[in-house]
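1. need a 3D model of the sequence below.
(one chain, ligands or ions: 2)
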Amino acid sequence: MSDASQLITQTADFVRDKFLHEGSGHDWAHIRRVWHVARALAQQTPHADVLVTELGALLHDVADWKFHDGDEEAGPRAARTWLESQGANEAVIQRVEAIIREISFKGLGVATPMSTVEGELVQDADRLDAIGAIGVARAFAYGGHKGRPLHDPEVAPIEHASFESYKQNTAPTINHFYEKLLHLRERLNTPAARRVAEERHQFMEQFLEQFLREWDSQDVA
Ligand code: ADP
Ligand code: NI
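-> Ligands and ions are numbered 1, 2, ... in the order given. Predicted structure coming up:
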């Protein structure tokens, strides 16, 4: 096995062990999908470094700020500690750290450009997993984890313009669709990801329409 494929296998094992029993929507199955989708995108993208893409995908949620008191450096730091322990090359470590630092959605008013092509691919794979049927399930898993109501028609969605306001938001889960998920289709970096997003986006719109009808029992004669 090459050094690169050994590093990927070891990293996948490390992340799988860490996330196997996670129930907040940041579970191993999410990370595995992001890894496979990002790798497929990288294989179709000239000049993309597949090793950096795979490591970035595997480690992108390793210490998410949402679960570490808002500390945005916790993720890059945890990735560096792991990759150094495996003897990874410093240039690779720096590129993986940048992916983790830049990937997160931070509110509708905050641009989150990725500084590398590998980052663009991992961000697309991560965002594809936040929409569609899986995206719906993950949003409610996250809301349940935080003890939030499914929906409250009295609480209007807000277009969070700053990261602070997005971070502090504790609205019901349905609001998250209007505050983030329905906007992801337009914020993808690659045409390949945009094509996949189309059907997933339509599914979410259909889900919301049906959810809101059932909320008021409008479908009961
Ligand atoms: P990603 O993994 O796409 O970067 P996040 O790390 O922001 O997404 O969130 C992980 C999952 O939890 C995603 O599916 C996301 O939509 C969901 N999530 C994040 N914040 C909320 C929220 N306030 N309400 C419901 N779901 C949320
Ligand atoms: Ni993720």
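2. so what's E159 up against?
-> Neighbouring residues of E159 by CB atoms under 8 Å, 6 or more residues apart in numbering: L108, G109, E179. Every C-beta, even on glycine, is put in place using the N, C-alpha and C of the backbone.
3. which of these tops the neighbour count?
-> If you count neighbours using other CB atoms under 10 Å, the busiest of the contacts of E159 is E179, which has 19 neighbours.
4. find the nearest non-adjacent residue to it, please.
-> Using CB to CB, 6 or more residues apart in numbering and skipping the chain neighbours, the partner closest in space to E179 is P157 (5.3 Å).
5. with the contacts of E159 in mind, which one is nearest to ligand 2?
-> Comparing the contacts of E159 against ligand 2 with CB to the ion picks out E179 as the nearest, at 17.1 Å.
6. mind listing what that closest one touches?
-> Counting by CB under 8 Å, 6+ apart, E179 makes contact with G107, L108, P157, I158, E159, H160, Y166, N169, A171.
7. residue contacts, the third one?
-> Shown in contact with P157 (CB under 8 Å, 6+ apart): A171, N175, F177, Y178, E179.
8. sec struct for it, please.
-> Using DSSP: H, G, I helix; E, B strand; the rest coil as the criterion, the local structure at P157 reads coil.
9. how far off centre is whichever helix or strand F207 is part of?
-> Using DSSP states H and E, the element containing F207 is helix 191-215. Taking CA atoms, centre = their mean, to the nearest Å, the mean C-alpha location of helix 191-215 is offset from the chain mean by 17 Å.
10. which other helices and strands contact it?
-> Here helix 191-215 is seen to pack against helix 117-128, helix 132-145, helix 173-179 when contacts are counted using 3 or more CB pairs under 8 Å, 6 or more residues apart in numbering; DSSP states H and E.
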